[in-house]
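Enquirer: based on what follows, work out the 3D shape:
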Amino acid sequence: MTLLNNKQPLAHEVVEDSNPTDNIDFQTIISRRLNRRSILKGGTGLTAAAFFGALPLVGCSDDDDSSPIKNTDNNAAIPAQGDLKRPETLKFTAVAHSTAETMSVAAGYKAEMILPLGTPLISGIDDWKDNREQSAESFEWRMGDNHDGMWFFGKKGGAYDAKAAENGLLVMNHEYVNSNELSPFGYYVIQDNNAAPIFHNRRLASDVRREVNCHGVAVVEMKRRADGMGYEMVADSKYNRRLTSSSTAQLTGPVAGSDLVKTKFDPTGFQTRGINNNCGAGLSPWGTYLTTEENFLGVFARGQDASQLSDGQNYGRERYGATEDFPGWEYLWHTPEAKDAKIADEFSRWDMTAVGTSAADDYRNGFNTFGYITEIDPFDQNSMPQKRTALGRFAHENCAYAPVEQGKPVVFYMGDDARGEYIYKFVSKATWSNSDIGGGLKAGDKYLNDGTLYVAIFNEDGSGEWKALVHSQNGLDASNTVLPFNGQDEVLVFARAAADVVGATKMDRPEWVSVSPMTGEVYVTLTNNKYRGVREDQPVSASNPRSYQAGEKAAGNDNGHIIRWAEAGGDHAAMSFEWDIYLFATPYDLTAENLSQLNDSNDLSSPDGLYFDPRGVLWIQTDDGAYTDTSSCMLLAALPGKVSDGTAITTSAGQQTRVGMPASNDNIKRFFVGPEGCEVTGITMAPDFKTLFINIQHPGNTWGAIAGGSTPRSATVMITREDGDVILAESFV
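Expert: Predicted structure coming up:
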C-alpha cells in the first residue's frame, strides 16, 4: 500500500461522451444525397428562400426591437419595469482582451468580489483560513465551491416579490470542487493496486465529506448597502441555508416509486440523498429556483456486475457513461474505509455496483436518482428539494421557461451538456394561471409532475420538429431491441436512449438556454465539440456545420456557436420550428471560420452561460480553453435580431447553413474579462437593473484569496455602475 499526495486537482473539463448512435446520418444522409452538389455549386450566394424554402417567420413580435417591456403576465415571475427599453445600440467601450490575474470591467462600472468559497453563513463558524483546515462538517453552513447558476429573488414582507430590490435572496449553485485548494492535504489518495479496480485509489473520509458539503446550493439573504450601491449578506438570516450532496431530496413525477430508483436508502423509491454537480439554473414562472444536475456521472463508481443485470440495464448504464470497472472521475467518494463513516452507507451509496440480491440491498439504482431538474423554494427553509423526473434524466445544463400565457401550457427548454447530445423541451399538462405566482412547491407539483418531454430534430433545410418521448409512441416500447422501454419511468430515466430511438439531432454540447422576452425565440449555446467532422458518428450538419483546424489545434468545432429557433405560429407548445445560427464564436483573425464577422472588441470562444435580462439584452459568458492564450474567459452584452435576419453561407467544411446578421460594435461587445484561468458563469440581475451578479470558477492564481493568502477561491462578482444608475443605462434612448 502506497500513500500518494497527488497535486492534481479534480478535473473540471472532463466531458462525458457516451452516445454510440448515428442519428445525425439518419436525418441528413437523404437530404445530402439529393441536395449537396447543388448546394455547394450555389456557394455563399444561395438565397435565404432557396435554403429555407417558403418557411414564414414565426414566433416573432411585430413590435420594434426597442419596444418597452409590457406589464403583462407574459413575464410571470420576472418583474415588469414600466417604460424601460432595450438599448438600440451598445455605447460602452469594449473591454480589451486580457490574461491578467485580475478582472476587468467596462469603464464606468465597478466589479467587486463577494461570497467566496468558505464564507460562513451563520455566526459561530470561523472565517476561511488559508491553511484550509476548516472542518468538513462546517461546510454545511459555508459557501461551497465553484459557484455557478444563480437567481436573485426579490423579498418583501417575508415573501417573494419579483419587483422588490432593497432586499432579496441570492440563490446559487456549487457545481464541483477544486480538491487541491479545498483540502489541507491537497488531493490526497492512498493507493492499493491489490484491491478491486474501483478501489485502487482510496481517499480520506474527511476530504470526501468536505467535498460532498461543497456541492449543492446556497441560499443567502442580501440587503442593499447603506450607500445604495450593491448588496451585502444578512448575517444569521433564517433564510441562509445550504443544500448539499447529503441533503435528502424527494423524487416526484412518473419515476417516483419506480423499481428503477429503489435503493437501500429508500426501498420505496420516493427519496434519495443529495443534489449534485449543480450547474446552470433557472427561475420558475411561479417564483421558485430550478437547479440542475449535470456531470453526476463523475461521483459514481461501478465495479464488475454486468452478469447481475439484464442487457437493457447494462445498456442503460453505459449510455450514461457508467461502464464496468468505472471508478468515477477523481472524486472517488465511494472509497473511504467504512470504519471512518459516521453514518451507514455514507460512502457506499456512491458505488452503483449490484452486489446484493435485490435493489433494496445495495445502491445499484443510486445512479438513477441523479440527473434531474430539481426545484427549491428558497422562502421555505424547511422544504425539501424536489427532483422533477417528468423533465427527463440527463446532464442538465440549465432550464429556461418560455413566456407564459393564461390558459396555455407552461414550456421549459433544456440542454444535455455532452458531445453529441440533445436539446429538449417539456410541455406541462396543466395550463397556466396567474394565481400560481408565489405558489411555491405546490405550484411545481401542478406544472412539473405531469406533461410531455420532447427532443429536437434540426433538419438540413432550416426547419425543425419535436419528437415526443412517450411510452408506446415513436418506437418507445418493449419491442426495442437495444433497451426495451416497459413504461414511462424507463423512458424518462433513460431519456438519452429514448431520444436516440426517435432520431434526435446530435449537437455540439448543448449548454445554457434562454428565451428572448421580446421575440419569444429560443437561444442555446453549443459550446464546442472536438469530434465534429472527425468521428464518423458526428459528421458536420447544417445545425453543427463547422469542423476546422486552427494552427496546431486538432480539427473539430473548437470555438462553438449559438443556435436559435422560432416556434411555429409563436406557440411554444408547437411541434415544429424554424432555426438559424445566431452567432459563430471564433477568434476574429481566423478568417475562414469568422462567419459572424467578429472583431477584436467582440470575438469569443466557447459560449456557455446565456441570459436574456427582462429588457431583452442577451448576456453571453464563456468557458474556454481554445483562446485563453489571447484572453481569459469573458462576459459580452448583445442585442440579437430575429431568426432569418442574416444570410446563407458555406463553411470551410463545405457545409451549407444559415447565419444571423453580422456582428458589429453596436450589437455585441465585450463587457467583462475574468481573472486568468477562470470560467465566467452564472448570471442574474437585481430587479431594478442596478446590480449584475456573475460567478467566477477555478481562478488560476491567487484571485479570491484572503489578504496575504495564496489559495485561490471561486466567488461571486457584483457589478454596479459607479454613478449608481441602471446597468447599460448609457445605451438607453
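Enquirer: for the rest of this, base every contact and every neighbour count on C-alpha atoms.
Expert: Will do.
Enquirer: what's the burial count for the closest residue to residue 517 other than its chain neighbours?
Expert: Counting by CA to CA, 6 or more residues apart in numbering, residue 616 is the residue found nearest to residue 517 once chain neighbours are left out, at 5.8 Å. Per other CA atoms under 10 Å, the neighbour tally for residue 616 reads 24.
Enquirer: show me the helices in the stretch 551-700 of the chain, by range?
Expert: Counting by DSSP state H, counting those that start in this stretch, the stretch 551-700 of the chain forms no helices at all.
Enquirer: over to the stretch 401-550 of the chain?
Expert: Counting by DSSP H, counting those that start in this stretch, the helices of the stretch 401-550 of the chain are 440-448, 488-493, 495-501.
Enquirer: what's the closest of the ones you listed to residue 315?
Expert: Evaluated over the helices of the stretch 401-550 of the chain, closeness to residue 315 peaks at helix 495-501, with 8.9 Å, by CA to CA.
Enquirer: show me what contacts residue 565?
Expert: 521, 522, 523, 577, 578, 579, 580, 643 (CA atoms under 8 Å, 6 or more residues apart in numbering).
Enquirer: tell me which of the residues you listed is nearest to residue 535?
Expert: residue 580 (24.0 Å).
Enquirer: and that closest one, how far from residue 533?
Expert: Distance of residue 580 to residue 533, given as CA to CA, to the nearest Å: 20 Å.
Enquirer: in terms of neighbours, single out the busier of those two.
Expert: Per other CA under 10 Å, whichever of residue 580 and residue 533 has more neighbours is residue 580, with 28 against 21.
Enquirer: isn't the more buried one right up against residue 643?
Expert: Yes - using CA atoms under 8 Å as the test, residue 580 is close enough to residue 643 to be in contact (6.0 Å).
Enquirer: can you give me the strands in the stretch 601-733 of the chain?
Expert: 607-612, 618-622, 634-638, 647-650, 656-659, 668-673, 679-685, 691-697, 715-721 (DSSP state E, counting those that start in this stretch).
Enquirer: next, format the ones you listed as CSV and append mean pLDDT, mean neighbour count and distance to residue 119.
Expert: Supplementary listing: these in CSV, determined by pLDDT from 0 to 100; neighbours: other CA atoms under 10 Å; distance: least, CA to CA, whole Å:
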stretch, mean pLDDT, mean neighbour count, distance to residue 119
strand 607-612, 98, 27, 24
strand 618-622, 98, 25, 25
strand 634-638, 98, 25, 25
strand 647-650, 97, 21, 50
strand 656-659, 98, 26, 44
strand 668-673, 98, 27, 24
strand 679-685, 98, 27, 18
strand 691-697, 98, 25, 15
strand 715-721, 98, 23, 10
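Enquirer: hey, C-alpha coordinates of stretch 670-678 in CSV?
Expert: C-alpha atoms of stretch 670-678 as CSV (Å, rounded to 0.1, in the frame of the first residue of the first chain):
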residue,chain,number,x,y,z
ARG,A,670,-17.1,42.6,-24.5
PHE,A,671,-18.3,43.9,-21.1
PHE,A,672,-16.1,42.0,-18.6
VAL,A,673,-13.0,39.7,-18.6
GLY,A,674,-12.3,37.4,-15.7
PRO,A,675,-9.0,36.6,-14.0
GLU,A,676,-6.5,34.3,-15.6
GLY,A,677,-7.5,30.6,-15.6
CYS,A,678,-11.2,31.1,-14.7
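Enquirer: one step back: of the contacts of residue 565, which belong to strands?
Expert: 522, 523, 577, 578, 579, 580 (DSSP state E).
Enquirer: relative to residue 385, how far out is the closest residue to the third one other than its chain neighbours?
Expert: The shortest distance from residue 577 to any non-neighbouring residue, by CA to CA, 6+ apart, is to residue 567 (4.3 Å). As defined by CA to CA, residue 567 lies at a distance of 32 Å from residue 385.
Enquirer: next: residue 280.
Expert: On the measure of CA to CA, residue 280 and residue 385 end up 16 Å apart.
Enquirer: how about residue 171?
Expert: For residue 171 relative to residue 385 (CA to CA), the value is 13 Å.
Enquirer: repeat that for residue 356.
Expert: From residue 356 across to residue 385, the span is 29 Å (CA to CA).
Enquirer: higher neighbour count, these two?
Expert: Taking neighbours as other CA under 10 Å, residue 356 and residue 385 compare with residue 385 leading, 23 against 13.
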